[in-house]
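Novice: show me the folded form of this:
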Amino acid sequence: MTDALVNQVAAALAAVDPGKSARIAVGLSGGIDSVVLLHVLRSGLRLGSQRISAIHVNHQISAKAGSWATHCRRYCRALGVALKVAKVVVPRGNSTEAAARKARLAVFAETAADVVALAHHRDDQAETLMLQLLRGAGPRGLAGMPAFTAGTPVLWRPLLEVPRSAIEAYARHHRLQWVEDDSNADRAYLRNFLRHDVLPLIESRVPGTRVVLARGARLQYEASDLLDALATQDISGHAHAGRIATAALLDLSPHRARNALRYFLRGNGVTMPESGRLDELLRQALTARDDARVCVDMGDVELRRFRGDLYIVRPLPPIATDFEVDWHWKRPLLLPQLGGTLHLEPCKGDGIAAQWLKGNTLTVRLRGGGESLRLVAGGPRRTVRNLLQEAALPPWRRERLPLLYLDHVLAAVPGVGVDERLRPQPRSAGWRPIWSCD
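Specialist: Numbers count the residues shown, from 1 in each chain. Model (predicted):
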């Protein structure tokens, strides 16, 4: 049985690392699953110390957290594996488990390894499917945990086809030692209730339940991939970073529109709303009058409609109307309170003439009302308000748009233009202001 486990991991490794050169970091909790995975990779597959390492995340939740970190250090020292221990602060709230997972992923994202190996197994997958069923999840949620998640680093779960019993047998055969997390027995956590009470009861009537549930997760993963392919086709050419044309959704049947919207939201890192909230968003986005201000609160973001497009808007903290920052313009200016970064790019015959900037500092302010620019020599002065309306800039972006002043004179509005008095001659050097929203 132990040889079979090693062979399964070897086959999974060949699929994820055909060039046999990836650096792999094992997420090592100190529990039996991750202890076995590290042992298989280091001793079973004989990966060299230059390729294999481990990461232990100390969540500082349990009183035993310090001793768990000590155990991981001793274990890695015995295997000749480098270990990184990272302490994280897990905010307490509705889901401590979800917050801890988010904290772990943030630590994994900072590793120099190419691949982070996680020790989730077939029984974990079955439990995850049950949890998602109880939450009313669709195919994406019912697909459970993927064996491979692209990114930097790649997340890899080589034990997803391995039952917990095989992992326990391997640990006993090799006389491995591990830590036990007392919280794994706490039925207050729904996963533990399913693991210790519900699934064994079902298994007593339907043998092989966990195998069937894990197979169901694989089938849901395939269905989810097909739905994503359909959504890609439905919104092709209509979706951009943080924005989608409502016309693309109007042409779809209700269920295809919901699928396309879910795909768009997930692709932009938005936490998936419950079905009722999603339906309300679609209703407002597609049926409200053209001049109506549509704004749907999604929790971590707002969805707003403007001129036929639906925008993902991440709320920013309030800002004083007398906001002002001096800018030594040769370096980009990060303005998180405005939601973006300001920089000047060199150009010819456009932007602010280099001669005006030499030795000077720009001042960044917000609109106060009544500002104006003359964009063309001999032309009329135009209010910034009207210029922004013509530029089709959404109202919420106008409120946080930085205006550039030179010696207390409005010099430029990014994305709109530069006052004609400060522009360079056609072939002379200039600096064009660029405002990049986050």
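
Novice: what is the burial count for the nearest residue to Gln132 once chain neighbours are set aside?
Specialist: Leaving aside its sequence neighbours, Gln132 sits nearest to Gly141 (Cβ to Cβ, 6 or more residues apart in numbering; 4.1 Å). No exception for glycine: its C-beta is placed from N, CA and C like everyone else's. Counted with other Cβ atoms under 10 Å, the neighbours of Gly141 add up to 18.

Novice: wait, is Gly141 part of a strand?
Specialist: No: applying DSSP: H, G, I helix; E, B strand; the rest coil, one finds Gly141 to be helix, outside a strand.

Novice: shaky segments in the protein?
Specialist: Within the chain, the ranges that satisfy pLDDT under 70 run 1, 93-94, 291, 438.

Novice: just the helices from the stretch 101-250 of the chain, written as ranges.
Specialist: For the stretch 101-250 of the chain, the helices defined by DSSP state H, counting those that start in this stretch occupy 122-134, 139-142, 164-173, 190-193, 199-205, 209-235, 246-250.

Novice: could you dump the ones you listed to CSV with distance to Leu373?
Specialist: What follows is these, written out as CSV (distance: least, Cβ to Cβ, whole Å):
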stretch, distance to Leu373
helix 122-134, 54
helix 139-142, 48
helix 164-173, 68
helix 190-193, 59
helix 199-205, 68
helix 209-235, 37
helix 246-250, 32
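
Novice: for those, which one sits closest to His59?
Specialist: Among those, helix 190-193 comes nearest to His59, with 16.0 Å by Cβ to Cβ.

Novice: list the buried ones in that closest one?
Specialist: In terms of neighbour count (16 or more other Cβ atoms under 10 Å), helix 190-193 has its buried residues at Arg191.

Novice: just the residues contacting that helix, thanks.
Specialist: With contact meaning Cβ atoms under 8 Å, 6 or more residues apart in numbering, helix 190-193 is reached by Glu97, Glu127, Leu131, Leu134, Ser183, Asn184, Ala185, Asp186, Arg187.

Novice: list only buried entries from those residues.
Specialist: Buried among these by 16+ other Cβ under 10 Å: Glu127.

Novice: closest to Ile352 among the contacts of helix 190-193?
Specialist: Looking across the contacts of helix 190-193 and measuring by Cβ to Cβ, the closest to Ile352 is Glu97, at 52.8 Å.

Novice: how much space separates the residue lying closest to that closest one once chain neighbours are set aside from Leu344?
Specialist: Leaving aside its sequence neighbours, Glu97 sits nearest to Tyr189 (Cβ to Cβ, 6+ apart; 6.7 Å). Going from Tyr189 to Leu344 by Cβ to Cβ, to the nearest Å gives 53 Å.

Novice: give the contact list for Ser67.
Specialist: Counting by Cβ under 8 Å, 6+ apart, Ser67 makes contact with Val179.

Novice: please apply the same query to Ala106.
Specialist: Counting by Cβ under 8 Å, 6+ apart, Ala106 has contacts Val88.

Novice: ok, now Leu45?
Specialist: Leu45 neighbours (Cβ under 8 Å, 6+ apart): Val6, Val9, Ala10, Leu13.

Novice: same thing but 10 Å
Specialist: The contact partners of Leu45, by Cβ atoms under 10 Å, 6 or more residues apart in numbering, come to Val6, Asn7, Val9, Ala10, Leu13, His39, Arg51, Ile52.

Novice: what about the second one, how many residues nearby?
Specialist: Other residues within reach of Asn7 by the criterion other Cβ under 10 Å amount to 12.

Novice: isn't Pro336 up against Arg314?
Specialist: No: with contact defined as Cβ atoms under 10 Å, Pro336 does not reach Arg314; the gap is 11.1 Å.

Novice: of the two, which one has the most company?
Specialist: Arg314 (14 against 10).

Novice: got the contact list for the residue nearest to Gln132?
Specialist: Thr128, Leu129, Leu131, Gln132, Leu133, Arg135, Ala217, Gln220, Ser224, Met272.

Novice: what's the answer for Val89, then?
Specialist: With Cβ under 10 Å, 6+ apart, Val89 has these contacts: His59, Gln60, Ile61, Ala99, Ala103.

Novice: now with 7 Å?
Specialist: Contact analysis of Val89 by Cβ atoms under 7 Å, 6 or more residues apart in numbering lists Gln60.

Novice: next one: the residue lying closest to Arg277 once chain neighbours are set aside from Arg215, what distance?
Specialist: Distances taken as Cβ to Cβ, 6+ apart place Met298 nearest to Arg277, at 6.9 Å, with adjacent residues excluded. Taking Cβ to Cβ as the measure, Met298 falls 34 Å from Arg215.

Novice: and what of Gly368?
Specialist: For Gly368, the distance to Arg215 equals 63 Å [Cβ to Cβ].

Novice: so those two - more neighbours on which side?
Specialist: Neighbour totals were compared for Gly368 and Arg215, and Arg215 leads with 15 against 11 (other Cβ under 10 Å).

Novice: tell me how far that one lies from Leu160.
Specialist: To Leu160, Arg215 is 11 Å away according to Cβ to Cβ.

Novice: before we move on, what about Val107?
Specialist: Val107 is 22 Å from Leu160, where distance means Cβ to Cβ.

Novice: equivalent analysis for Leu403, please.
Specialist: Distance from Leu403 to Leu160, counting by Cβ to Cβ: 54 Å.

Novice: comparing those two, which shows the higher neighbour count?
Specialist: For the pair Leu403 and Leu160, the greater number of neighbours falls to Leu160 (23 against 20), based on other Cβ under 10 Å.

Novice: I'd like to know how far the residue sitting furthest away from the middle of the chain sits from Gly430.
Specialist: The C-alpha centroid of the chain is most remote from Gly378, which lies 49.5 Å away (Cα atoms, centre = their mean). With distances taken as Cβ to Cβ, Gly378 is found 20 Å from Gly430.

Novice: can you classify Leu334 as helix, strand or coil?
Specialist: Leu334 - assigned by three-state DSSP - is strand.

Novice: what about it, neighbour count?
Specialist: Neighbourhood size, Leu334 [other Cβ under 10 Å]: 12.

Novice: if I read this right, Arg140 contacts Ala223, doesn't it?
Specialist: No: using Cβ atoms under 7 Å as the test, Arg140 is too far from Ala223 to be in contact (9.1 Å).
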